[in-house]
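1. Sharing a sequence plus its predicted fold:
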Amino acid sequence: MLSKQLRNNMKTGSRVQFCPKGHDTFICGRNKQWLCKQCDRENSAQYRTAHKEELRIKERIAAKRDKEKLRKRQRQWREDNKEKRRLQKKRYYERHKKIILAKQKEYNKLHPESLRTSRLKNKLERKQRVPKFGQKGIKAFIKNTPKGYVVDHILPLCGKKMSGLHVRWNLQYLTPKQNRKKWNRISLKKASAWYGEILEEMGLK
């Protein structure tokens, strides 16, 4: 309920100069509820000091929610703009190629153990992909590589979704640009179709 003085203030258009606490409302003003702004500020400050821990917890929860929402939006944007992000990364790399390579070189010098372990891991993974069968004709295939082309594994040896073997029928010729673009990715549909063709050629399908 509003006090009599406050009702009178509202009727007279808030022409009373001083509030019950003695603040000059002509200087500090009144808010939408016709209360003295200075009193309002003091009351809110007192509330903040009295409920400091509670407000801090609420702020943390709100900040956490905002971060989660932002992460969701960012994740959704990355999923919706995969091609755009790939082109952006490519452009950035082309513009700052020298700086990136210099930083990588410097990092490898400062952290030789991490470089050694990563190389060792790749070597071990690759060794696991070299079976006893299917090695015939590999040396000749590599030797007869056309000019401007490189030898590539159709199914990458260390792929993310699936990996292939180091055998003759898993090799192909690609340009360096095509090889960089392909990297260690392959479509599962293409891989299954290609594998089916090989089985048909061998008479196993």
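-> Received it, and whenever you're ready, just let me know what you need.
2. So which bits of the one helix or strand residue 189 maps to are buried?
-> Remark: residue 189 resides in helix 188-201, with elements defined by DSSP states H and E. Neighbour counts over helix 188-201 (16 or more other CB atoms under 10 Å) mark 191, 194-195 as buried. Placement of C-beta: from N, CA and C, glycine included.
3. What's the first helix or strand after the longest helix seen in the chain?
-> In the chain, taking DSSP state H as the definition, the longest helix is helix 52-80. Going down the chain from helix 52-80, the next helix or strand is helix 82-95, by DSSP H and E.
4. Show me what the next helix or strand after that next one packs onto, helices and strands only.
-> Using DSSP H and E, the helix or strand that follows helix 82-95 towards the C-terminus is helix 97-110. Applying 3 or more CB pairs under 8 Å, 6 or more residues apart in numbering; DSSP states H and E, one finds that helix 97-110 makes contact with no other helix or strand.
5. Could you give the separation of the longest helix of the chain from the chain centroid?
-> Taking CA atoms, centre = their mean, to the nearest Å, one finds the center of helix 52-80 at 16 Å from the center of the full chain.
6. which regions of the protein sit below the pLDDT cut-off?
-> Filtered on pLDDT under 70, the chain yields the residue ranges 1-15, 204-205.
7. ok, 80 please
-> 1-16, 33, 113-128, 158-161, 194-195, 198-199, 201-205 (pLDDT under 80).
8. can you list the domains in it?
-> Segmentation of the chain into domains, based on automatic domain parsing, reads 1-80, 136-201.
9. I'd like to know which of these lies nearest to residue 108.
-> Nearest to residue 108 among those is domain 136-201; the distance by CB to CB comes to 19.6 Å.
10. Understood, closing this out.
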